[in-house]
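1. next come a sequence and a model predicted from it.
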Amino acid sequence: MAQLWGGRFTKETDDLVYRFNASIGFDQKFYKQDIEGSIAHVKMLKKTGILTEKEASDIEKCLGEILSDVENKRLEISDKYEDIHSFVEATLIDRLGDTGKKLHTGRSRNDQVALDMRLFTREEIKETEGLLKDLLVVIYNIMDANLDTIMPGFTHLQKAQPITLAHHMGAYFEMFKRDRSRLKDILERMNYCPLGSGALAGTTYPLDREYTAELLGFYGPTLNSIDGVSDRDYLIEFLSALSIIMMHLSRFSEEIIIWNSNEYQFVEIDDAYSTGSSIMPQKKNPDIAELVRGKTGRVYGALMSLLTTMKAIPLAYNKDMQEDKELSFDAFDTAKGCIALFTGMLKTISFNKDRMYASASGGFTNATDAADYLVNHGVPFRDAHGIIGELVLYCINKNCSIEDLTIAELKSISDVFEEDIYDAISMETCVNKRLTIGAPGKEAMQKVLAIYREEIK
Ligand code: ARG
């Protein structure tokens, strides 16, 4: 056991208490941020004259050595310390003697941990944003190559109207584009430095908080020291953004699983991204998509956990807040892993265009267009809807599609039909006549792709 405190205690900490309280097992993950934060703090102490040039330079140099020793595995982070802050400070004092004891001047572990977690999360947000961009590029490329690939669009998982694969993929492009912009928003809001908040009430030293903030790449210092040590909103926002990303990935995974099923066969997942069965030799399973779908709950769990942890904490710092770390770290890694693997799976997937086309052609996906044909020939829409309904029933009984009927059969239901009906309800016409922005028609999609190119530049 090695603690930074103890002066006012008459007994050793109970061993179980010590272990229950300690966070070194997980907060060592941000040793780098802890040391970088300390280096910025000490530079500020030098600038303000709170420490002498020599003291500050010695501390700074020694902190740099500790960082490189940890990175090069010359120094092991030992769990005999309570947390990463104690480990770094104790190591500094070991190496530097009394000068090392001055590092913590004008600082508390409360503002220190608030800073470390913020620095760590800021990096994670940026990495996640980069991974989303890779995913957007893959989706864009699929779109670009499939402006003419006709497939059925669904509502209620029933065939509805013909669309293209580019159009379907575009829906996911929109989702992940919003996810990316959410991350950028969070970065904007969270990029303020809590260091200098002290335990909760600032300090009596003339700290230059603007300077520390600048050194660490923040826009400026946080403006209330109580909030500075007790705010975890940015983390909740990020977990919430990650939950939405996972929800999107999970929906996408669900579709890939359905499309990959023996019944659909719209796609084939690459062998490198599939797994087999120990008993059934014929099986090739979409485990990656299933795992992504499955891991979604874990990320939601981290969000619910932190919301619950924070909901009744009186101001300012309370030890409950140590619980902000483990599940968040798990959620960060889970979401990043899922985005990266999903991207790889999507990049290597193959689309069975013939199956998609055949599927779009069956199931009366052109019924709306047949009704629109009648409307264009003067029939009121509600009447047209009724006539085509009758026509569909006729086809169901005959087990055929609308376009399989002869002109005589069509005319027996409505004499408005002429030869040009066949062209008006072909899959290609159904898709390419939909030209309002956002619709699947090729020219509309090309305009959208031009906008998307900017997004992934
Ligand atoms: N391990 C603590 C945490 O993660 C660091 C802050 C400790 N502060 C305190 N007053 N005990 O929140």
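-> In hand now; what should we look at? Numbers count the residues shown, from 1 in each chain.
2. what does the stretch 251-400 of the chain put close to the ligand?
-> For the stretch 251-400 of the chain, the residues in contact with the ligand (Cβ under 6 Å from any ligand atom) are 317, 319, 321-322. (Glycine included, C-beta is placed from N, CA and C.)
3. again, only using 5 Å
-> Residues of the stretch 251-400 of the chain lying close to the ligand (Cβ under 5 Å from any ligand atom) are residue 322.
4. which residues in the stretch 251-400 of the chain form helices?
-> Using DSSP state H, counting those that start in this stretch, the helices found in the stretch 251-400 of the chain span residues 287-310, 326-348, 353-361, 367-376, 381-398.
5. let me have those in CSV, extended by mean pLDDT and mean neighbour count.
-> Below are the helices of the stretch 251-400 of the chain laid out as CSV (pLDDT from 0 to 100; neighbours: other Cβ atoms under 10 Å):
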stretch, mean pLDDT, mean neighbour count
helix 287-310, 98, 19
helix 326-348, 98, 20
helix 353-361, 96, 17
helix 367-376, 94, 20
helix 381-398, 95, 14
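6. can you tell which of those helices is closest to residue 26?
-> Residue 26 lies closest, by Cβ to Cβ, to one member of the helices of the stretch 251-400 of the chain: helix 326-348, at 5.1 Å.
7. which other helices and strands contact the closest one?
-> helix 109-145, helix 233-259, helix 287-310 (3 or more Cβ pairs under 8 Å, 6 or more residues apart in numbering; DSSP states H and E).
8. among these, which is nearest residue 36?
-> helix 109-145 (7.0 Å).
9. helix 233-259 and the closest one, what's the angle between them?
-> 30 degrees (axes from the mean of the first three to the mean of the last three Cα atoms, to 10 degrees).
10. now what about the helix or strand following helix 109-145, what contacts it?
-> Per DSSP states H and E, helix 109-145 leads on to strand 150-155 as the next helix or strand towards the C-terminus. Applying Cβ atoms under 8 Å, 6 or more residues apart in numbering, the contact partners of strand 150-155 are 159-165, 167-168, 266, 356-357, 359-360, 363, 365, 427-428, 431, 440.
11. just the CA trace of strand 150-155, in PDB.
-> C-alpha atoms of strand 150-155 as PDB (Å, rounded to 0.1, in the frame of the first residue of the first chain):
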ATOM      1  CA  ILE A 150     -32.200  -2.400 -58.400                       C
ATOM      2  CA  MET A 151     -33.500  -4.000 -55.300                       C
ATOM      3  CA  PRO A 152     -36.700  -4.000 -53.400                       C
ATOM      4  CA  GLY A 153     -37.200  -1.300 -50.700                       C
ATOM      5  CA  PHE A 154     -39.100  -2.600 -47.700                       C
ATOM      6  CA  THR A 155     -41.600  -1.300 -45.100                       C
END
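12. may I see the buried residues of it?
-> Neighbour-count burial for strand 150-155 flags 150-154 (criterion: 16 or more other Cβ atoms under 10 Å).
13. ok, these vs the ligand, which is closest?
-> Of all the buried residues of strand 150-155, the ligand sits closest to residue 154, with 47.3 Å by Cβ to the nearest ligand atom.
14. before we move on, the earlier item: can you lay out the buried residues of strand 150-155 as TSV showing distance to residue 310?
-> Shown next, in TSV, are these (distance: Cβ to Cβ, whole Å):
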residue	distance to residue 310
150	50
151	45
152	45
153	42
154	40
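15. is it possible to get JSON lines of those residues that adds distance to residue 200 and pLDDT?
-> As requested, those are exported to JSON lines (distance: Cβ to Cβ, whole Å; pLDDT from 0 to 100):
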{"residue": "150", "distance to residue 200": "63", "pLDDT": "97"}
{"residue": "151", "distance to residue 200": "59", "pLDDT": "97"}
{"residue": "152", "distance to residue 200": "60", "pLDDT": "97"}
{"residue": "153", "distance to residue 200": "56", "pLDDT": "96"}
{"residue": "154", "distance to residue 200": "55", "pLDDT": "96"}
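16. fine by me, thanks again.
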